[in-house]
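Student: no sequence on this one, just coordinates:
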């Protein structure tokens, strides 16, 4: 049974955020943007943003994401099975490679990477169902192409990708043997929400209209429309009767249920980017106006994103630190915030551990996707987060990158030799809000001081160039990774 959302504490409006003496433009707000709109950022990147106004900053992030071209197609991106020399070996390798590529894209692309992940959890497919590298690439390419584009066009194009046609049985949907899977999820999960504005008859009739995408010239090639397997009879969809086909379904859906589609998508964007908590006031004051913006702009996403991300509501202090990090957030954000080394082999490890923590790239648990937030945290996944961080920091320490640990502390603290100050600044770099009590900082400081005699600190002899300092940073970073506050963004 669905729980009733508690009233939101964030009562700020969609009016543009304008910095003031009591509500300044500061590092905390910029980190908030990067943690929500990307997978975080280094301190240098954050500092650069301080020179911009909030309006300029958001425009730059959104416009850059919109203008970023899709990742270049690999040589095998549009192959059929006959193009492979050794299908089993090569297909496995290409799937592996593209998972790594996607992880790298997520980290490199800020908002486009973040939105690509969002849409992959909206227009869900499961790689294990179709496990075919060209369809994997084509699905991801469609996601990237439309991530900040026109939502109506997005809905049209995603439904006839090979990955989606296989995953939701569109390729089995014929005039002789109709299959309702895609029609049902098109309304229930992709555009309207469960039970919102459609009937079982609409699903049945839509399935008939979607028939015909059943053939390829050879296995693994593009699936094309074949009129011989299309139901050419009259269908009644949302009260409109006609010999409807695939594109007609999309046109009728947005013509007859356009504002409902906008509300559904804007609520989902809100829950992802701002807060999982939505009540009646949030719906009325935030989501409904966003939906109207989307509707008035003919389903273009950029105006909606800019309106939300520039708002007082998004920048309200009560919006900061209220979302539980995903496994991807946890490790990708840590790497971006530290500038620590990683390569494709390490990315492989990141993705492996993320899978153990419940987020296996391209393989959500079912068609409804990852449910996020509290679902990310349980006894096994929490310890998995700790283990991943310990393994990664330990790898750096033991493989010639140990000085990067102290370089981070030097950069953040201007090479301080005060252990209390270093501890506080390093912790505050990684958490969205200060720790709950001063004693939490004291405990962390004691861990950071390690076994170095107190008199070396008292006399100022100790500093971050000491041979023990990298190990002390390792201890501190592992401690931070276990903090409840570190699990939030």
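Tutor: Everything's here; your move. All values reported here derive from a predicted model rather than from experimental measurement.
Student: could you check how far the nearest residue to residue 38 once chain neighbours are set aside is from residue 122?
Tutor: Nearest residue to residue 38, sequence neighbours excluded (CB to CB, 6 or more residues apart in numbering): residue 110, at 3.6 Å. The way it works is simple: take the backbone N, C-alpha and C, and place the C-beta from them, glycine included. Residue 110 sits 19 Å away from residue 122, going by CB to CB, to the nearest Å.
Student: between the two, point out the one with more neighbours.
Tutor: More crowded of residue 110 and residue 122, by other CB atoms under 10 Å: residue 110, with 24 against 18.
Student: ok, that one - contacts?
Tutor: By CB atoms under 8 Å, 6 or more residues apart in numbering, the contact list for residue 110 reads 34, 37, 38, 39, 41, 61, 64, 65.
Student: pLDDT score assigned to the residue nearest to residue 209 when sequence neighbours are not counted?
Tutor: Of all residues not flanking residue 209 in the chain, residue 244 sits nearest, at 4.1 Å (CB to CB, 6+ apart). At residue 244, the model reports a pLDDT of 98.
Student: please name the residues that touch residue 244.
Tutor: 205, 209, 235, 237, 252.
Student: doesn't residue 236 make contact with the second one?
Tutor: Spelled out, it's residue 209. No. Counting by CB atoms under 8 Å, residue 209 does not reach residue 236; the two are 10.1 Å apart.
Student: how far away is residue 14 from residue 393?
Tutor: 41 Å.
Student: which one of those two has more residues nearby?
Tutor: residue 393 (23 against 18).
Student: so the more buried one, which state does it fall into?
Tutor: Under DSSP: H, G, I helix; E, B strand; the rest coil, the three-state class of residue 393 is helix.
Student: quick check: it touching residue 474?
Tutor: Yes. In this structure, residue 393 is within contact of residue 474 by CB under 8 Å, at 5.4 Å.
Student: outline the domain layout of this structure.
Tutor: 13-318, 327-487 (automatic domain parsing).
Student: which parts of this structure are strands?
Tutor: 213-215, 224-225, 235-237, 240-242 (DSSP state E).
Student: redo those as CSV? Include distance to residue 386.
Tutor: As requested, those are exported to CSV (distance: least, CB to CB, whole Å):
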stretch, distance to residue 386
strand 213-215, 46
strand 224-225, 50
strand 235-237, 51
strand 240-242, 55
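Student: which one of those strands lies nearest to residue 382?
Tutor: Distance to residue 382, taken as CB to CB, is lowest for strand 213-215 among these, at 43.2 Å.
Student: sheet partners, orientation included, of the closest one?
Tutor: Its sheet considered, strand 213-215 pairs with strand 224-225 (antiparallel) by DSSP bridges.
Student: quick check: closest non-adjacent residue to residue 270.
Tutor: Nearest one to residue 270, counting by CB to CB, 6+ apart, is residue 287 at 5.7 Å.
Student: got it, and residue 99?
Tutor: Closest to residue 99 by CB to CB, 6+ apart is residue 361, at 5.3 Å.
Student: what about the one you found, neighbour count?
Tutor: Neighbours of residue 361 using other CB under 10 Å come to 21.
Student: which residues touch residue 382?
Tutor: Neighbours of residue 382 in contact, by CB under 8 Å, 6+ apart: residue 487.
Student: please tell me how far it sits from residue 487.
Tutor: From residue 382 to residue 487 the distance is 8 Å (CB to CB).
Student: now residue 230: how far from residue 212?
Tutor: Distance from residue 230 to residue 212, by CB to CB: 3 Å.
Student: from the chain's centroid, how far away is stretch 435-451?
Tutor: Centre-to-centre, stretch 435-451 and its host chain are 32 Å apart (CA atoms, centre = their mean, to the nearest Å).
Student: cool, stretch 459-476 as well?
Tutor: Counting by CA atoms, centre = their mean, stretch 459-476 comes out at 36 Å from the chain centroid.
Student: that one: which residues count as buried?
Tutor: Using 16 or more other CB atoms under 10 Å as the test for burial, stretch 459-476 gives 462, 463, 464, 469, 470, 471, 472, 473, 474, 476.
Student: now the end-to-end length of that stretch.
Tutor: From its first residue to its last, stretch 459-476 covers 22 Å (CA to CA, to the nearest Å).
Student: quickly list what residue 215 is bridged to.
Tutor: Counting by DSSP bridges, the residues bridging with residue 215 are residue 224.
Student: residues near it, how many?
Tutor: Neighbours of residue 215 (other CB under 10 Å): 14.
Student: go on, residue 279?
Tutor: 12.
Student: and residue 37, by the same measure?
Tutor: 23.
Student: pLDDT score assigned to the residue nearest to it when sequence neighbours are not counted?
Tutor: In space, not counting the residues next to it along the chain, residue 37 is nearest to residue 111; the distance is 4.8 Å by CB to CB, 6+ apart. Note for residue 111: predicted pLDDT of 98.
Student: likewise the one 3 residues further on?
Tutor: On the pLDDT scale, residue 114 is placed at 98.
Student: was I right to think it contacts residue 35?
Tutor: No. The pair residue 114 / residue 35 is not scored as a contact, 9.8 Å apart, by CB under 8 Å.
Student: wait, what's in contact with the closest residue to residue 483 other than its chain neighbours?
Tutor: Computed as CB to CB, 6+ apart, the closest residue to residue 483 that is not its neighbour in sequence is residue 431, at 6.8 Å. For residue 431, the contacting residues are 321, 480, 483, 485, 486, 488, by CB under 8 Å, 6+ apart.
Student: and those residues, which two are the farthest apart?
Tutor: Farthest pair in these, by CB to CB: 321 and 480, 14.7 Å.
Student: my guess is residue 312 contacts residue 20. True?
Tutor: No. Judged on CB under 8 Å, residue 312 makes no contact with residue 20 at a distance of 10.7 Å.
Student: between the two, which one's more packed in?
Tutor: Higher neighbour count among residue 312 and residue 20: residue 312, with 18 against 8, using other CB under 10 Å.
Student: so how far is residue 63 from the more buried one?
Tutor: Taking CB to CB, one finds residue 312 at 21 Å from residue 63.
Student: number of nearby residues for the closest residue to residue 118 other than its chain neighbours?
Tutor: In this structure, residue 118 finds its nearest non-sequential neighbour in residue 272, 5.6 Å apart by CB to CB, 6+ apart. The number of residues packed near residue 272 is 19, by other CB under 10 Å.
Student: and if you look at the one 10 residues further on?
Tutor: Residue 282 has 22 neighbouring residues, counting by other CB under 10 Å.
Student: same check on residue 58?
Tutor: 25.
Student: check contacts around it.
Tutor: Contacts of residue 58 (CB under 8 Å, 6+ apart): 33, 306, 309, 310.
Student: what is the most widely separated pair among those residues?
Tutor: Longest span within those, CB to CB: 33 and 306, 12.6 Å.
Student: which residues of the stretch 1-150 of the chain score low on pLDDT?
Tutor: Residues of the stretch 1-150 of the chain meeting the criterion pLDDT under 70: 1-7.
Student: re the thing from before, and the residue nearest to residue 483, how far from residue 35?
Tutor: Applying CB to CB to residue 431 and residue 35 gives a distance of 10 Å.
Student: what touches both of residue 230 and residue 212?
Tutor: Joint contacts of residue 230 and residue 212 (CB under 8 Å, 6+ apart) are 175, 245.
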